[in-house]
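Q: I'll drop the sequence and a predicted model, then ask my questions.
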Amino acid sequence: MDWVESLSEGRRCSNGEKDRSLAEFRLVLAHENSLRWHRAVIVTGRDISDGYMLPANKQGIQDQRYYNTFLNRPGSPERPGRYAQLHADIAPGVHQYNAYWSSFEKAHIAPSDVSNLTCPKGSFKVPASWDQKAALGYTRYHCYDVRATADFADMLALDAAHGWESAAVIWSAADGFRHPNCSGATFHNKLNFGGCPPRADAMADFADFVIFLSAHFNGTAASPGHFTHFILWNENANGDWFDFSPFVSVTQAPDAAHKVLWINKYVDMLRTTHQALARNHEAGKPQMLYVSVDRIWKQLQTCPPTGFQHCHMGTQNFLDGIWERVGTSFDWSVAVHAYGDATKKQWPNMYTFADLPQVVAYQKAHLRQLNSSHVDTAPQSMLAATEQGWDGFGPQEPVAAHYICLAHDVVTSSDNFVYTAHYDFQGVLTGDTRGLVQRDLGYNLANASAVASLTYAAYQASHPDFWNSNPQHFCCAQHQLGCPSS
């Protein structure tokens, strides 16, 4: 029996002896693991991130595309089984979602300053009353989607039940809140305005949405799940994903004046998001707020870069602007997108997983310049790899599996990496090149042994019972990564 069969069969077959031996093995290693490979790293922040402890497993899951296709019903009976199997096989530390503003506020009802707002069927009024408005800090009343809210409540409750943290990618301003002349970009043959930020006069409505994400899903008995991680917008140095037209010409290389406008707009959103989170922040429930950037570190001479529709200011230029305007005045971290060959360094023009220590070093250099007394544990020194993916189908699957192993090795080798969530976990089509794990494994992942998925075996290797503890897992056996030290 090879490593694919042994690791899968030990969890799935009805052989009681194997199940008992696996359970005993886990009990024996539980205490040793907590001391040997997982150090309790705690963030030293100024406000919302202070006291955050890095997860025991830095492997995260981003599989919303699969959920939206096959499990898109709140209370779907298939969901609990999928969560249980993911927990048994991987025990991920973080479950990441796209929490798009446009998915919640889509009734096309203008927000109201007065409480007698009437919402159409399928939506509900937020806040529910003047008292709630005053208590939570909402500015106006909105109509939010019932189904989207129930869907997230269901999934976040399952996250909480398994001890996973939940992460929200905040993007895509709802209709009526972005500039009518924002150009948008074409994705999958359709013009998409998700990158257009909220207008200046809609920033209070944007703040209300952030308050909703943090206060409605609040980890109470009525709403057991809650978001711990908030990633603000997407690849913000890239005009395709942060489209500040018509104020900035995103089809021409940004000059100094346009860079100032671009960065100032994002910093306004970052401050607004932080203020909304801090408004209802609860002691003992740290939150991590991330600035999202892509792998193009230096500004390219070509505009737009090959494969893009809009220009790029360079991630370093963008982060330099964040440091100049924000510094350490409030807690923020960096969300990187480490696409590309994970075995090769491309610094300083771009970064891959092999280059991420350079990004950490860049952040720490700024902290030292500001005489920070917590260079190694400040939230600004923390990175999360929140989006990167590789072709996981057919002949490319061994390469993708290797990259999953390398990525986990990188993030577990440093106390400054919070988690990684590859885009995306499971394909929705047979032969899907965007999903790292094949669709054929099924919604409950019961076909993992039959399919002998290398990428799924690489995910399994990250389980705290295996990584750095058991030499039989895929990444150790095939790539000498995550092996026991002695």
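A: Nice, thanks for sending it over. Numbers count the residues shown, from 1 in each chain.
Q: Could you list the low-confidence segments of the chain?
A: For the chain, residues meeting the criterion pLDDT under 70 lie at 1-39, 486.
Q: the longest helix in it is where?
A: As assigned by DSSP state H, the longest helix anywhere in the chain is helix 256-279.
Q: what sits up against that one?
A: Outside of helix 256-279, the residues within contact range by CB atoms under 8 Å, 6 or more residues apart in numbering are 47-48, 136-137, 170, 197-198, 200, 203, 206-208, 210-211, 214, 230, 232-233, 236, 242, 244, 247-249, 254, 287, 289, 291, 313, 317-318, 321-322, 325-326, 330-332. Any C-beta I mention is one placed from the backbone N, CA and C, and that applies to glycine too.
Q: Over to stretch 183-203?
A: For stretch 183-203, using CB under 8 Å, 6+ apart, the contacting residues are 100, 102, 171-173, 176-179, 182, 205-206, 233-234, 239-246, 250-251, 265-266, 268-269, 272, 309-310.
Q: picking up where we left off before, tell me the buried residues in the longest helix of the chain?
A: Buried residues in helix 256-279, counted by 16 or more other CB atoms under 10 Å: 258-259, 262-263, 265-274, 276-278.
Q: Kindly report the same for stretch 326-340.
A: Buried residues in stretch 326-340, counted by 16+ other CB under 10 Å: 326, 328, 330-340.
Q: what separates that stretch from the chain centre, distance-wise?
A: Centroid separation for stretch 326-340 versus its chain: 12 Å, with CA atoms, centre = their mean, to the nearest Å.
Q: same question, stretch 280-298
A: 10 Å.
Q: what about it, start to end distance?
A: By CA to CA, to the nearest Å, the extent of stretch 280-298 from end to end equals 37 Å.
Q: likewise stretch 343-351?
A: 11 Å.
Q: hmm, back to that, please narrow the contacts of stretch 183-203 to those residing in helices.
A: 102, 205-206, 265-266, 268-269, 272.
Q: Export the residues you listed as CSV, with columns for distance to Y419.
A: Shown next, in CSV, are those (distance: CB to CB, whole Å):
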residue, distance to Y419
S102, 26
D205, 30
F206, 26
K265, 28
Y266, 23
D268, 27
M269, 23
T272, 25
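Q: Which one of these is nearest to A446?
A: Using CB to CB, S102 comes nearest to A446 of the ones in helices among the contacts of stretch 183-203, at 34.7 Å.
Q: re earlier: could you identify the most distant pair in the buried residues of stretch 326-340?
A: Largest pairwise distance in the buried residues of stretch 326-340, by CB to CB, is 31.5 Å, between F330 and G340.
Q: How far away from the center of its chain is stretch 415-434?
A: Worked out by CA atoms, centre = their mean, stretch 415-434 lies 10 Å from the chain centre.
Q: Hmm, I typed the wrong one, I wanted stretch 320-336.
A: 18 Å.
Q: Quote the end-to-end distance of it.
A: 15 Å.
Q: ok, now stretch 432-452?
A: 17 Å.
Q: hmm, who's touching that stretch?
A: Against stretch 432-452 from outside (CB under 8 Å, 6+ apart): 4-5, 8-9, 12, 65-66, 70-71, 78, 81-82, 85-86, 89, 389-393, 396, 400, 404, 422-430, 453, 455-456, 459.
Q: 7 Å instead?
A: For stretch 432-452, the surrounding residues in contact (CB atoms under 7 Å, 6 or more residues apart in numbering) are 4-5, 8-9, 12, 70-71, 78, 81-82, 85, 89, 389, 391-393, 400, 404, 422, 424-430, 453, 455-456.
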